[in-house]
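Participant: the amino acid sequence is not available; the structure is as follows:
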């Protein structure tokens, strides 16, 4: 399992509303009239970005990853006809951000000829680095580039019959490495060692689509046919000689091949009533039937000098399966009067996987095989909701929600210890839930909302699934003149007792947000605070005492108390000067422990848990803060100078191995013409 600190860090930043490394805010440049009846405007911004990092650079690169160098921060161009009657194009827009050198880039192109065609293109590049330690065992690292592009063409836009064409491509490439544990001591293989492989990522996903939008008989209909093609041909080579933290298994030869290819055609139809009537309907139907072939072959040979004997370990995984998925959803809305609204939504999802997937491991001393034949999932949901508005300022609603899920699997056998073929195994789970709430305009400046839901499930598929749950939430907003203040609270509790394990979770979220924006004043303010609490407890088999024939009952506890704070202000002390100041803080106090304590002689690979008896206590206490400033100076009518600075500080309570702090910023000129 990969250490998730970077994920927690990025989630915290988004919860705060914190921005990425400061970049200037683009302004629409002045338009210039050309001689052939077009209006044109363009601008570009270029400058130098700097980053000074101290501490763990791997953690910085996994979470921020900005570096030093010249940059084209942003460029844009807009051309449109003055009278909307251009010869070939009436509207053309192009914009690019971070082109060529920044790790996060995107570009857009839009072109339209009124009534004839519309073209939209989006392109993004994400250069990702991750070489963080694992929670328990193993090593891995990747330096990948993900390129995503999307093209959409609409023919006869705005007419009663539109033709839709599209193409998407998502590709990932780059070097990396990973380790694989040796499962047991066989011949020259030692379970204390790890196999180490280099990787050259080669993953590509192409999507081709064509469809129509049309209106007839009072209905708006969209029909689309698409083909999804996935291909992975990652290359693997032996890296046992690569330096690492873990002990590598000495091998004389190691090869690995793992191609995955597949196609999935998808048919979708959506329709809705165009005009509001007493009875309205909207529906959606999607059917896909794909086939995918996968294979893995791994041959590893190790030499045992003590016995002068080589051990060959071969692993084969072969899959050749088809997957058919059907999804349908329909909603009927009834408006019996101006005060009543009744809706009913029914949805069906069916997934059927047919074919074989087999695992076979052959060595000089032991053979094992396990196969998998099929999986069926059928899910039906129905929800009925009634809303009533007794007075203009108040509305109340009540809802009943029902879902039924059936999961069926068929497994196969393992040898040589025994031969067993499992018959079709099915699990049915029904969930009944009731919900209610209100929306209340207390006075012109003040409004409130309250919602709650209670549900019961009879046979959840997994211990962490919803069983006995209830949710409550409330929201209060006050708005007057330039002020907007919002407070909120949400609570969710789920208990899932079972004979094997007992699982419970509790989450609470509370906070406020305030903003002040007066168009007649030269400044705006924005800020907020959020508290997010989460704790879970689950029964586990104690793997730390797996040598015992009957592991004792144990519990795994996880606790998080995430406090996030953000503040931002935009000031314009002079018509030529704009200043932005901001601060973001995320602090997880976890379960409140001030130090790490581990019993039983167990030393975790990463200090994120404590072992007390047979129970495991997991937490990730950390602090993340980031102040920033941005200054814009209008040098001339079409020339701006920008300067930005942002500081990052990341620290973990139980270990300083991944702590870092960094000063990042830029200086740039924006020219509009």
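Facilitator: Sure thing, it's come through. Since this is a predicted model, take the numbers as computed values, not measurements.
Participant: please, where are all the strands along the stretch 401-550 of the chain?
Facilitator: The residue ranges that make up the strands of the stretch 401-550 of the chain, judged by DSSP state E, counting those that start in this stretch, are 425-443, 446-457, 468-480, 483-496, 503-517, 523-541.
Participant: taking strand 468-480 as reference, get the angle to the shortest one.
Facilitator: With axes from the mean of the first three to the mean of the last three Cα atoms, to 10 degrees as the basis, strand 446-457 and strand 468-480 are set at 170 degrees to each other.
Participant: that older thread, out of the strands of the stretch 401-550 of the chain, which gets nearest to residue 256?
Facilitator: Distances from residue 256 to each of those were compared using Cβ to Cβ; the minimum, 30.7 Å, belongs to strand 523-541. Any C-beta I mention is one placed from the backbone N, CA and C, and that applies to glycine too.
Participant: tell me the strands beside that closest one, with direction?
Facilitator: strand 503-517 (antiparallel), strand 553-574 (antiparallel) (DSSP bridges).
Participant: any chance of the ones you listed in JSON lines, plus mean neighbour count and distance to residue 481?
Facilitator: Rendered in JSON lines, the data for the strands paired with strand 523-541 read as follows (neighbours: other Cβ atoms under 10 Å; distance: least, Cβ to Cβ, whole Å):
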{"stretch": "strand 503-517", "mean neighbour count": "16", "distance to residue 481": "9"}
{"stretch": "strand 553-574", "mean neighbour count": "17", "distance to residue 481": "18"}
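Participant: now those in CSV, with distance to residue 281 and mean pLDDT?
Facilitator: Listed next are those as CSV, based on distance: least, Cβ to Cβ, whole Å; pLDDT from 0 to 100:
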stretch, distance to residue 281, mean pLDDT
strand 503-517, 35, 94
strand 553-574, 42, 90
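Participant: which of those strands sits closest to residue 107?
Facilitator: strand 553-574 (27.0 Å).
Participant: tell me what the helix or strand following the closest one is packed against?
Facilitator: On the C-terminal side of strand 553-574, the nearest following helix or strand under DSSP states H and E is strand 577-588. Using 3 or more Cβ pairs under 8 Å, 6 or more residues apart in numbering; DSSP states H and E as the contact test, the elements touching strand 577-588 are helix 5-16, strand 553-574, strand 622-636.
Participant: could those be laid out in JSON lines, adding distance to residue 297?
Facilitator: Supplementary listing: the helices and strands packed on strand 577-588 in JSON lines, determined by distance: least, Cβ to Cβ, whole Å:
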{"stretch": "helix 5-16", "distance to residue 297": "33"}
{"stretch": "strand 553-574", "distance to residue 297": "36"}
{"stretch": "strand 622-636", "distance to residue 297": "41"}
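Participant: for the helix or strand encompassing residue 95, what is the distance to the chain centroid?
Facilitator: Using DSSP H and E, the secondary-structure element containing residue 95 is strand 91-99. On the basis of Cα atoms, centre = their mean, to the nearest Å, strand 91-99 is displaced by 26 Å from the centre of the chain it belongs to.
Participant: same question, stretch 377-393
Facilitator: Average the C-alpha atoms of stretch 377-393, do the same for its chain, and the two points are 29 Å apart (Cα atoms, centre = their mean).
Participant: please identify the buried residues of it?
Facilitator: Buried residues in stretch 377-393, counted by 16 or more other Cβ atoms under 10 Å: 377-379, 381, 383, 385, 387, 389.
Participant: burial count for the residue nearest to residue 193 when sequence neighbours are not counted?
Facilitator: Spatial nearest neighbour of residue 193, chain neighbours left out: residue 249 (3.8 Å); criterion: Cβ to Cβ, 6 or more residues apart in numbering. Taking other Cβ atoms under 10 Å as the neighbour definition, residue 249 ends up with a count of 23.
Participant: pretty sure residue 249 contacts residue 191?
Facilitator: No: the criterion here is Cβ atoms under 8 Å, and residue 249 misses it with residue 191 at 9.5 Å.
Participant: name the residues contacting each of the two.
Facilitator: Taking Cβ atoms under 8 Å, 6 or more residues apart in numbering as the contact definition, residue 249 and residue 191 share the neighbouring residues residue 182.
Participant: okay, the strands of the stretch 401-550 of the chain in CSV with distance to residue 167 next?
Facilitator: Output for the strands of the stretch 401-550 of the chain, formatted as CSV (distance: least, Cβ to Cβ, whole Å):
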stretch, distance to residue 167
strand 425-443, 39
strand 446-457, 41
strand 468-480, 41
strand 483-496, 40
strand 503-517, 40
strand 523-541, 39
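Participant: list phi and psi for residue 57.
Facilitator: With angles defined as degrees, to the nearest 10, residue 57 sits at phi -70, psi -30.
Participant: start the count at 266, not 1, going forward
Facilitator: Renumbered: residue one is now 266, and that last one reads residue 322.
Participant: for the nearest residue to it once chain neighbours are set aside, what are its contacts?
Facilitator: Residue nearest to residue 322 in three dimensions, not counting chain neighbours: residue 925, with 7.1 Å by Cβ to Cβ, 6+ apart. Under the criterion of Cβ under 8 Å, 6+ apart, the neighbours of residue 925 are 318-322, 324-325, 913-915.
Participant: excluding its backbone neighbours, what's nearest residue 385?
Facilitator: Nearest non-adjacent residue to residue 385, counting by Cβ to Cβ, 6+ apart: residue 417, 4.7 Å away.
Participant: the host helix or strand of the one you found pairs with which strands, and in what direction?
Facilitator: Using DSSP H and E, residue 417 sits in strand 405-420. Take DSSP bridges as the rule and strand 405-420 pairs in its sheet with strand 382-395 (antiparallel), strand 426-446 (antiparallel).
Participant: so how far is the first one from its chain's centroid?
Facilitator: Spelled out, it's strand 382-395. The mean C-alpha position of strand 382-395 is separated from the chain mean by 16 Å, Cα atoms, centre = their mean.
Participant: tell me the buried residues in that strand?
Facilitator: 382-386, 388-390, 392-395.
Participant: what about residue 788, distance to residue 898?
Facilitator: When Cβ to Cβ, to the nearest Å is the yardstick, residue 788 and residue 898 sit 17 Å from each other.
Participant: over to residue 798?
Facilitator: Applying Cβ to Cβ, the value for residue 798 to residue 898 is 44 Å.
Participant: ok, now residue 404?
Facilitator: Residue 404 sits 48 Å away from residue 898, going by Cβ to Cβ.
Participant: more neighbours, those two?
Facilitator: Residue environment comparison for residue 404 versus residue 898 gives the larger neighbour count to residue 404, 19 against 14, counting by other Cβ under 10 Å.
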